[in-house]
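A.B. asks: just the structure for this:
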Amino acid sequence: MLLNCDLGESFGAWTMGLDREVMPLIDQANIACGFHAGDPLIMQKTLSLAISYGVSLGAHPAYPDLQGFGRRSMAFTPEEVTALVLYQIGALQNIAAAEGGQLSYVKPHGALYNDMMRDFKLLEAVLIAIKKSPLSLALMAMSTADNTKLKQLCAEQKVPLLLEAFADRAYDKQGFIVSRSTPGAVYHQQETIVEQATQLASGQAIQTLEGEDLLLEADTLCVHGDNPESIQAVEAIRAALGAKA
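C.D. replies: Numbers count the residues shown, from 1 in each chain. All right, here's what the predicted structure looks like:
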């Protein structure tokens, strides 16, 4: 089981996340492309750090929403979504190439990520952007209780799929992560986070917020490195799952 983390989300003089502390512990870095967070220099520094640790590079495109950190849905057409995702992939890849690296996947951020999982026209728009890119890129997308349509659309566009699960988020019975506005949606206790991570990695069912069993396919687990406590949780997950490959 791979570990991925959203990184490069600082902006100018404003710092967010403990990228240097979490980078040695993960396998995949989802790097902000400047639309919800990040700027050209932050992108360059984050890519360079990831490359130095042999971490796979992923684009983390979003709606153009710096003020809302990309967590607000925006009324874009599918054609506009394709263009904005292509734009962000291109910007990040150009900097990656200058640093001696290459992107390997795309994981949309925040509201765009959640919207595409419920609106297949937006999902298809993201897949078209990935397919149009000159790179060979996979899509990292949320694993739910039923991944049939997601797999079908990826197969139609010939885009490889990485199914993602979350170690520190509560799920509903449909297999979607619960909105952050709901009490209990985000786990903060290390024991709870590590337990869910090991259950997902071993193919066991996890408990939904409603108290039901939920079985999720997963290729990669999303972890967070926002504060010292979250770093300790990632260290515990890494220890539980074993050393990086």
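
A.B. asks: my read: Thr220 touches Ile26, true?
C.D. replies: No - using CB atoms under 8 Å, Thr220 is not in contact with Ile26; the gap is 9.7 Å. Backbone N, C-alpha and C define where each C-beta goes, glycine included.

A.B. asks: most centrally placed residue in this protein?
C.D. replies: What sits nearest the mean C-alpha location of the chain, by CA atoms, centre = their mean, is Lys107, with 4.9 Å.

A.B. asks: are there residues contacting both of Thr220 and Ile26? Which ones?
C.D. replies: Leu3, Asn4 (CB atoms under 8 Å, 6 or more residues apart in numbering).

A.B. asks: which non-adjacent residue is nearest the residue nearest to the centre of the chain?
C.D. replies: In space, Lys107 comes closest to Met140 once its chain neighbours are excluded; the distance is 3.8 Å by CB to CB, 6 or more residues apart in numbering.

A.B. asks: who's that neighbour bridged to?
C.D. replies: For Met140, the beta-bridge partners are Leu162 (DSSP bridges).

A.B. asks: contacting residues around Ile42?
C.D. replies: Neighbouring residues of Ile42 by CB under 8 Å, 6+ apart: Gly8, Ser10, Phe11, Ala32.

A.B. asks: so the second one versus Lys45, what's the distance?
C.D. replies: Plainly put, Ser10 is 9 Å away from Lys45 if you go by CB to CB, to the nearest Å.

A.B. asks: again, but for the last one
C.D. replies: With the distance defined as CB to CB, Ala32 ends up 12 Å from Lys45.

A.B. asks: the two - which one has more neighbours?
C.D. replies: Each of Ala32 and Lys45 has its neighbours counted (other CB atoms under 10 Å); Ala32 has more, 29 against 17.

A.B. asks: and that one, what's its pLDDT?
C.D. replies: At Ala32, the model reports a pLDDT of 98.

A.B. asks: state the distance from Lys173 to Pro24.
C.D. replies: Lys173 sits 36 Å away from Pro24, going by CB to CB.

A.B. asks: give me the element Glu124 is part of.
C.D. replies: Counting by DSSP states H and E, the element that carries Glu124 is helix 120-132.

A.B. asks: same check, this time on Leu47
C.D. replies: helix 40-52.

A.B. asks: could you dump that helix to CSV, C-alpha only?
C.D. replies: Only the C-alpha atoms of helix 40-52 are listed here, as CSV (Å, rounded to 0.1, in the frame of the first residue of the first chain):
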residue,chain,number,x,y,z
PRO,A,40,6.0,28.9,-9.1
LEU,A,41,8.8,29.0,-6.5
ILE,A,42,6.9,26.8,-4.0
MET,A,43,6.2,24.4,-6.9
GLN,A,44,9.9,24.3,-7.8
LYS,A,45,11.0,23.7,-4.2
THR,A,46,8.4,21.0,-3.5
LEU,A,47,9.3,19.2,-6.7
SER,A,48,13.0,19.3,-6.0
LEU,A,49,12.4,18.0,-2.4
ALA,A,50,10.2,15.2,-3.7
ILE,A,51,12.8,14.2,-6.4
SER,A,52,15.5,14.1,-3.7
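
A.B. asks: pLDDT-wise, which helix or strand of this protein ranks last?
C.D. replies: Within the chain, no helix or strand scores below helix 228-241, which has a mean of 91 by mean pLDDT, DSSP states H and E.
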